[in-house]
Each structure stands twice: as C-alpha cells, then as structure tokens.
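A.B. asks: the sequence and its predicted three-dimensional model are supplied below.
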Amino acid sequence: MEIKLRTVPSFINQTMNLDRGSFNPLWVHDPKTSILGLGYSFYLEYIEFFCKFISKHSKKLINNRFLLEKECLFMDQEMRHAKAHCALNSFLAENQVIHTDFHPRVYSFMYGVHKIYYEPMMIGAKKGNIGQIKKALFEVAVFESKNCISSFVFFESLFDNNNINNTIKLSQNLSILYLLGYHFIEEIEHCDVALDIYTEITNENVWTEKSIENYVYQTPHATLESYNAAFYCANFLNRSINLKDLERCPFSILTKNAQVEFITDNFHPNQASIKDKREYYIQKWDVYWEPLLKEEICKRHNLVNI
Ligand SMILES: [Fe+2]
Ligand SMILES: [Fe+2]
C-alpha cells in the first residue's frame, strides 16, 4: 500500500476557533465522544514523538531495504501528525508542556506515565538495549493495530453509508473532525509497517493469545492515558465528565467491540479482509470525504477553497 504525505489545509488552525471565548469542542454530535476525541489528540501527539525516538534508535536493526523505505514514510507521516495536533493541544493545555531529554512535548497530566512507563524504554533504546527496543516496538505495533481498528469505527460510524451528511450537519467544529479524519486515514495507511518492523527485528508475531488478553480484553494503559487527557480537557472547558461517561460513550463501545472482533491470533492489517477495508476507507477519504469536508469548512467560515 502506498504511503502518501497529505497536506492539512493551512486554514484549519484558524477555523478550529482556538480562542477561549469562541472555541466549540463539539466536533461530533455526542458530547462525551467529543471530549474523548480531544483527550485522544494528546495521547496521539505524545505517541508520535515516542515512535520517532524509538525509530531513531532501532532502524539500524532493519535489514530489509523495502521495509526501511516504508519506515521512513511512516515516520514522516507521524511527525506531520504531531505538528497538525500541536495548535489544538497547545490551546487546550497552555503552559502544560514539559520538555524532557527524551521527549520534546510531555503534557503535565501525562508526565507520570511518561516517567514510569515510556522513559525507561527510551533510555534503554538509546543505550541499544535490545529488550527495551523490543518492548517499545511492541508498544508501537499494538498501538498501530488497535488504532487501525478504531479508525474503521470512526469512518464507518461517522462517514460511511452517507452518514457524513448528518455528521457534518451536527458537528459544531468541523475542523477538529477534519484533523482526526486526516490523522486516522494515515494511521490506516501505515499501520502494517509497525507490525512488520516488530517481526523483522524480533522474529515474533505481535498478536498472540497473551497479547490479545492483555491489550484487547483488558483495559490497557493507553486507553487510560486518553481518558486522563480527556478529564483534563473537560476540566479546562468547564464540562462535566466521569469515567463511566467515557467508557460508555458510543465510540468507546463500538471500538472495543470491533477490536475484539478483528484482533485475533496472528492479526495483521494486510490480511485480505482488513486490507480491503483499509483500501476502501482510504479511497473514500481521498476522493470524496476529504474534499467535501474541506468545502463545508470553507462554506461555514466564508473562505475560498484552495
Ligand atoms: Fe499518527
Ligand atoms: Fe501511526
């Protein structure tokens, strides 16, 4: 599958209305999913830099030239994602960014998990510790697999079967919807590379009975990190939200069900049924959904679509 570097329209940061007086967080009709999506924006930005750091210290272990080329494009996409989320996250968490030796943008509410969970892997990877590199690449491959499936849910429930018209009508912040759509389509596009890198370096499959139990059936730390960021956002925006709201919002329930359905033993995003779905959503986004969304944003903000 070709990995493309898409451009986010330059007006998106402006049309998100990143101003305390006019910001509207309801990018989707369900308010709980809207807040969860904002929380997810922080988790995503964090993990992009983590991936890049691990890539820098592990890519020399990749012998397959074609995989290495894909890895470079995968990282290019990820760094563009981090950049695309920066304005929104900086607005929501002004003065909350901590620069560390290993990660350039750790938000204060993620600092605990960074120090305890992620930083030891980064320190180990920098020293060339193969155990820590393996652990980190596994983390990335799990994230990419699960994100691929949650992205299916995102596009299936909000865009496909003409749902896009209703989603657009009910969204009060189309630019956040656009940002997430752009990001998730590229996640769908490159997710297989993370699994191939893990297998290339370790000779092991990511998805086994044990990893499925720990990362699909149980609630993994990544989910809690998104929840934690969502609580921060709710507080910043004076909205009330609790754990049950996040666990029971439509997106969480649909995502969990889809992950249980699709991620089975030896799951790989290139298996025929998954690859077909990936290709389908990417084509729909590039040809139909993305231009339509861009046009609608321009209409709402009286901009000329370029
Ligand atoms: Fe990403
Ligand atoms: Fe990714």
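C.D. replies: Cool, the structure landed. Since the structure is predicted, the reported quantities are computational estimates derived from the model, not experimental observations. Ligands and ions are numbered 1, 2, ... in the order given.

A.B. asks: what lies in contact with the helix or strand containing Ile253?
C.D. replies: Using DSSP states H and E, Ile253 falls within helix 250-262. The contact list for helix 250-262 (C-beta atoms under 8 Å, 6 or more residues apart in numbering) reads 30, 33, 36-37, 146, 149-150, 152-154, 157, 216-217, 246, 274. The way it works is simple: take the backbone N, C-alpha and C, and place the C-beta from them, glycine included.

A.B. asks: those, buried ones only, as a PyMOL selection?
C.D. replies: Here is the PyMOL command that selects the buried residues among the contacts of helix 250-262 (16 or more other C-beta atoms under 10 Å):
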select buried, resi 33+36+37+146+149+150+152+153+154+157+216+246+274
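
A.B. asks: find out how far stretch 135-144 is from the centre of the chain, if you would.
C.D. replies: Relative to its parent chain, stretch 135-144 has a centroid offset of 13 Å by C-alpha atoms, centre = their mean, to the nearest Å.

A.B. asks: in it, which residues are buried?
C.D. replies: Applying 16+ other C-beta under 10 Å to stretch 135-144 flags Ala136, Leu137, Phe138, Glu139, Val140, Ala141, Val142, Phe143, Glu144 as buried.

A.B. asks: the last one and Leu195 touch, don't they?
C.D. replies: Put plainly, it is Glu144. Yes. Counting by C-beta atoms under 8 Å, Leu195 is a contact partner of Glu144 at 6.9 Å.

A.B. asks: which ones are touching the residue of the stretch 51-200 of the chain found nearest ligand 1?
C.D. replies: Closest contact between the stretch 51-200 of the chain and ligand 1, by C-beta to the ion, is at His81 (3.6 Å). Going by C-beta under 8 Å, 6+ apart, His81 touches Leu44, Glu45, Glu48, His183, Glu186.

A.B. asks: turn the buried residues of stretch 135-144 into a markdown table, columns for secondary structure.
C.D. replies: What follows is the buried residues of stretch 135-144, written out as a markdown table (DSSP: H, G, I helix; E, B strand; the rest coil):
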| residue | secondary structure |
| --- | --- |
| Ala136 | helix |
| Leu137 | helix |
| Phe138 | helix |
| Glu139 | helix |
| Val140 | helix |
| Ala141 | helix |
| Val142 | helix |
| Phe143 | helix |
| Glu144 | helix |
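
A.B. asks: save those residues as CSV, and put in pLDDT too.
C.D. replies: Converted to CSV, the buried residues of stretch 135-144 look like this (pLDDT from 0 to 100):
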residue, pLDDT
Ala136, 98
Leu137, 98
Phe138, 97
Glu139, 96
Val140, 97
Ala141, 97
Val142, 96
Phe143, 95
Glu144, 96
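
A.B. asks: can you put those in TSV and add distance to Tyr227?
C.D. replies: TSV is the format used below for the buried residues of stretch 135-144 (distance: C-beta to C-beta, whole Å):
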residue	distance to Tyr227
Ala136	22
Leu137	25
Phe138	22
Glu139	18
Val140	20
Ala141	22
Val142	17
Phe143	16
Glu144	20
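
A.B. asks: per-residue pLDDT, the residue nearest in space to the middle of the chain?
C.D. replies: Compute the mean C-alpha point of the chain, and by C-alpha atoms, centre = their mean the closest residue is Leu44, 4.5 Å away. Leu44 is assigned 96 on the pLDDT scale.

A.B. asks: which strands and helices sit next to the helix or strand containing it?
C.D. replies: Leu44 belongs to helix 31-58 when elements are defined using DSSP H and E. The elements that helix 31-58 packs onto, with contact taken as 3 or more C-beta pairs under 8 Å, 6 or more residues apart in numbering; DSSP states H and E, are helix 65-92, strand 106-107, helix 119-126, helix 130-158, helix 174-202, helix 221-236, helix 243-248, helix 250-262.

A.B. asks: in JSON lines: those, plus distance to Glu290.
C.D. replies: Output for the helices and strands packed on helix 31-58, formatted as JSON lines (distance: least, C-beta to C-beta, whole Å):
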{"stretch": "helix 65-92", "distance to Glu290": "14"}
{"stretch": "strand 106-107", "distance to Glu290": "28"}
{"stretch": "helix 119-126", "distance to Glu290": "34"}
{"stretch": "helix 130-158", "distance to Glu290": "11"}
{"stretch": "helix 174-202", "distance to Glu290": "7"}
{"stretch": "helix 221-236", "distance to Glu290": "24"}
{"stretch": "helix 243-248", "distance to Glu290": "28"}
{"stretch": "helix 250-262", "distance to Glu290": "20"}
